[in-house]
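*Asks:* Requesting a structural model of the entry that follows:
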Amino acid sequence: MLLKTIDQFYEAALLPELWPMACEALAREVDATTATIFAIDEQGGHRFVCTPNIREGILRFSSDPRRLDNPRPARALERFPFTFTRELDLLTEDELESDVVLTEFIRPAGMNWSAGCAFQEPTGHMIMFDLLRRTGMDHYSDAEIAHLNALKPDLARSVFLASRQLFPRPGPWRRRSPRSGSRPWCWEPA
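*Replies:* This is a model prediction of the structure:
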């Protein structure tokens, strides 16, 4: 399944309508319930692609000012740059219990465990992968984290190719109709 997932990511970099399927393929690699890829700009704006089963929750999260209270991306960059890890490796138990992202967004969506990776693009954007498992499932094993890290170079390369142009901003965006001299894969407000 590894090559098929990698192929789906490179295809999605060119055909943005394939991102939800690419995210589903990534989730299947480690039996995750959801997968989201964020591109976060310097002002904290969140653009994303995700599995369809979490889209409404991610729309709500990405437009809520409390998203900026998320310590995970900065900690991941500081402690585990460009490496998939579990949130348990980033936050203490006390921090998890008081974490607004966990208590207001993840748990109410029926999810509990998270694994992710964050890295900085040369443009200044941060790219963040987040894979969630529903409540009642086991946490990610060391082998599953190692598997995600084996996928990481190709995942990152494909997302880097697409991040500035292809990730729609939150809200009602649609694919722009091809016009003379325009790129058909660009997104514009609906």
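*Asks:* Point to the helix or strand of this protein where mean pLDDT is at its lowest.
*Replies:* Ranked by mean pLDDT, DSSP states H and E, the weakest helix or strand in the chain is strand 187-189, scoring a mean of 39.
*Asks:* And the helices in this protein?
*Replies:* Using DSSP state H, the helices of the chain run over 2-14, 19-29, 55-63, 72-79, 93-98, 100-101, 142-166.
*Asks:* Now do the same contact list for the residue nearest in space to the middle of the chain.
*Replies:* The centre of the chain sits closest to residue 37, judged by C-alpha atoms, centre = their mean, with a distance of 2.0 Å. Contact analysis of residue 37 by C-beta atoms under 8 Å, 6 or more residues apart in numbering lists 19, 23, 48, 49, 50, 127, 128, 129, 130, 159, 167. All C-beta spots, glycine's among them, are computed from the backbone N, C-alpha and C.
*Asks:* if I look at it, how far off is residue 125?
*Replies:* 12 Å (C-beta to C-beta, to the nearest Å).
*Asks:* wait, doesn't residue 25 sit right on residue 4?
*Replies:* Yes: between residue 25 and residue 4 there is a contact at 6.6 Å, judged by C-beta atoms under 8 Å.
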